[in-house]
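> predicted model, plus sequence, below.
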Amino acid sequence: MAKAKPIRGLDCQASTGDNARIIARTRLDELYSWAKYVDNPYHVRELHDLRIAAKRLRYTLEVFEDVLPAANQAIVKELSRIQDEIGTLHDSDVMIALLRLCLGSQDSGMAYEEALVETKKYQRKKGFTLPAELVADLLEPGIAPSAEQRYGLERMLLRQQQNREKQYSDFRQHWYQLQARDFRREILDILDSR
Amino acid sequence: MQKQQAPIHAAIDIGSNTVHLVVAHCTPDDLNIIKDEVELVRIGESVTATGEISQQKRQQTIETLCKYKALAEQHGAGQILVVATEAIRQASNSSEFLEDVERETGLKIHLINGDTEAILTFYGATYEELRQSRPAATSGVMDLGGGSTELVTARNRHITWRTSIQIGSGWLHDRYLPSDPPTPDELSIARAFLQTYIQGMPIKSPPSKLIVTGGSANSLLLLAQQAFRLEQSSRRLTRDDLMRCEGLLTALTAGEISQRYKQPIARARILPAGALIILEMMSRLQLDEITVSPHGIREGVLLAYARYGENWLESINQEASTAGKSSGAGATTDVGEETFAQTGQRMLRERVEKLLDWRDEVLKNDDIEAIHKMRVASRRLRAALDAFEPCCKPKQFKNAYRSVKEMADLLGTVRDTDVMLLGLREQYEEVGIEEQPGVQWLIDRLSDYRQQRQQALETYFEKLDEAALRRQVESCIQKGAVQHGKG
């Protein structure tokens, strides 16, 4: 996860409203610094960073909602939706990784072969990781899936990959709808108004 | 003074929906209730329809008050204190009504304003909570009446803000939801109205806990307990519970609700409106649950009398004019303009309290939502730490942040597994028969893993020193920054 940008120019003795606007502008810049990855569905890590940036901006607007105009609430809703959309995508990525792991721990089947090809193609240096304890649990030899269970897992992996495509397409469509109405400008206008 | 030896007094409130009596042994901070009676008279119905209190409602009120007066005297009440609220305030013939009722019953009726009503309700609805050693740092009381709704917020037991809005369950029913059950069109118009009105209310520092009082809230709790078999001893209602109530109330007629769930029919008619108002307020305050209090203005009147004696009303009116002022819908009262550092200090204190409030629920391990809510609370605390970092002492900040992150990570692991399990269980029902063994295999593995993580979480919470965490977070902001420093 990318670290949050440090905020410069804050004054602890100034009004909360003034400081809130400085923080929100920084978080907004941070969000848009990840926007270039929206078009690549398999930049999993960067899309996750985009989600975290959306979350940071949303939380900032929520923390300071008392000192920001009421229109702020509509922005929070949109950010929350973006966060949910990429979150669903992330959940699918975790599930796909889990399934690949389960299938890969045994003699591989066709779906696993295909999945591996895809993974290698899009693997990045800092891919997300599954919790180590979970990985250890799933790879325990005593609980390996039977042939029937393996087949079920392979079907599930295929379905999960199809779902992910749809989830990505929904997110992307929403993202471009926001850009078409100049979402960034909308947020800046709210931060500029008193 | 022992509660049982304390003087007995009675309080009656004449509201838009009900006329309600409480007789109790009274001390300044506590009550021992010996009689609690309510009659659904619905004075507000005639006020909404014609602008005045009808002859029939006047007569019903007089009969109820005479009955209550006898009951109070029978129980040895030294004083019978009567207050009247919104419907009477709004009625064009309120003076004649009050004169008639006082003459016929021999009782003195105090017509109180919305601000006084809000303060009395706050005292009444919270006195039980204040017995707890660690009540929420910020709390709110919403009194959902028939003709108006009072909202009061408090920080560390001191009222910081209040407002009175002219929307109540009876009013909303009469104006927007006349059909039985309400039609989808009526519901959608009522929701749109509430959304516009309530979302536009400029509520400063929304409370971390909301106590809702009033007849409709208590009837909704009863309905949820009966219809969905909720724990009888719990007075909490979640958003989901209320949405299920709303679904039930819009699917069945008031007659069916009354028959199945033993609700008075007049109450059953206005319950859909009550559910809509509470849900919209929860959404505005971003709360996932409320606590329903059976107490309210009557208990507040009795506590005020025990505190201030004959001058109780003057004292409360004075408090209403100094503890925060509101003049009409959506008016707000601040605690003064805070600097950034002061806001940070307050927010960190509130958020760490809210986080720790969930510890016991998580340890019970009987509702996965408790973990979700505690995780959300941990995120909100981290968001506040992030926002106010420039005003913090670096070392203290680092320690506090690390502690909160450790807790958040443990909660996150369990919650993420819960989400996966929920999804897999849903999928199991939907997928083909050849996929089910695979789904079930994964469910079993994840369930085992979840159990291990829950144990790790419980071990962590058993060792957690709450006071130390509270100190760690609260000491983050530099003293100099709060008073005069620069970040």
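Looks like it came in fine. Numbers count the residues shown, from 1 in each chain, chains lettered A, B, ... in the order given.
> show me what contacts residue B:442?
By C-beta atoms under 8 Å, 6 or more residues apart in numbering or on different chains, the residues touching residue B:442 are A:98-99, A:102, A:153, A:156, B:424. Just so you know, the C-beta spots here come from the backbone N, C-alpha and C atoms, and that holds for glycine as well.
> now the host helix or strand of it, how far from the centre of its chain.
Using DSSP states H and E, residue B:442 sits within helix B:436-463. Relative to its parent chain, helix B:436-463 has a centroid offset of 34 Å by C-alpha atoms, centre = their mean, to the nearest Å.
> in chain A, what residue comes closest to chain B?
Residue nearest to chain B within chain A: residue A:152 (2.2 Å; C-beta to the nearest C-beta).
> rounded mean pLDDT for stretch B:394-401, please.
Averaged across stretch B:394-401, the pLDDT comes to 92.
> give me the contact status of the helix or strand just after the helix holding residue B:442 with chain A.
Next helix or strand after helix B:436-463 toward the C-terminus (DSSP H and E): helix B:466-474. No - looking at helix B:466-474 against chain A by C-beta under 8 Å from any C-beta of the partner chain, there are no contacts, and the closest approach is 14.8 Å.
> got the CA coordinates for helix B:466-474 in PDB?
Provided in PDB are the C-alpha atoms of helix B:466-474 (Å, rounded to 0.1, in the frame of the first residue of the first chain):
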ATOM      1  CA  GLU B 466      -7.800   0.100  27.500                       C
ATOM      2  CA  ALA B 467      -6.700   2.900  29.800                       C
ATOM      3  CA  ALA B 468      -3.200   2.800  28.400                       C
ATOM      4  CA  LEU B 469      -4.400   2.900  24.800                       C
ATOM      5  CA  ARG B 470      -6.700   5.800  25.700                       C
ATOM      6  CA  ARG B 471      -3.800   7.700  27.300                       C
ATOM      7  CA  GLN B 472      -1.600   6.900  24.300                       C
ATOM      8  CA  VAL B 473      -4.100   8.300  21.800                       C
ATOM      9  CA  GLU B 474      -5.200  11.300  23.900                       C
END
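> list the helices and strands it packs on?
Counting contacts by 3 or more C-beta pairs under 8 Å, 6 or more residues apart in numbering or on different chains; DSSP states H and E, helix B:466-474 packs against helix B:340-357, helix B:394-430.
> I'd like to know the average pLDDT value across the shortest one.
Translated: helix B:340-357. Averaged across helix B:340-357, pLDDT comes to 87.
> and the angle for it with helix B:394-430?
If you take axes from the mean of the first three to the mean of the last three C-alpha atoms, to 10 degrees, helix B:340-357 sits at 50 degrees to helix B:394-430.
> what residues of the following helix or strand past helix B:340-357 count as buried?
Note on helix B:340-357: by DSSP H and E, the next helix or strand toward the C-terminus is helix B:359-364. Neighbour counts using 16 or more other C-beta atoms under 10 Å in any protein chain shown place B:359, B:361-362 of helix B:359-364 among the buried residues.
> contacts for helix B:359-364, please.
Helix B:359-364 is contacted by residues B:367, B:370-371, B:373-374, B:411, B:457-458, B:461-462, B:464, B:466 when judged by C-beta under 8 Å, 6+ apart.
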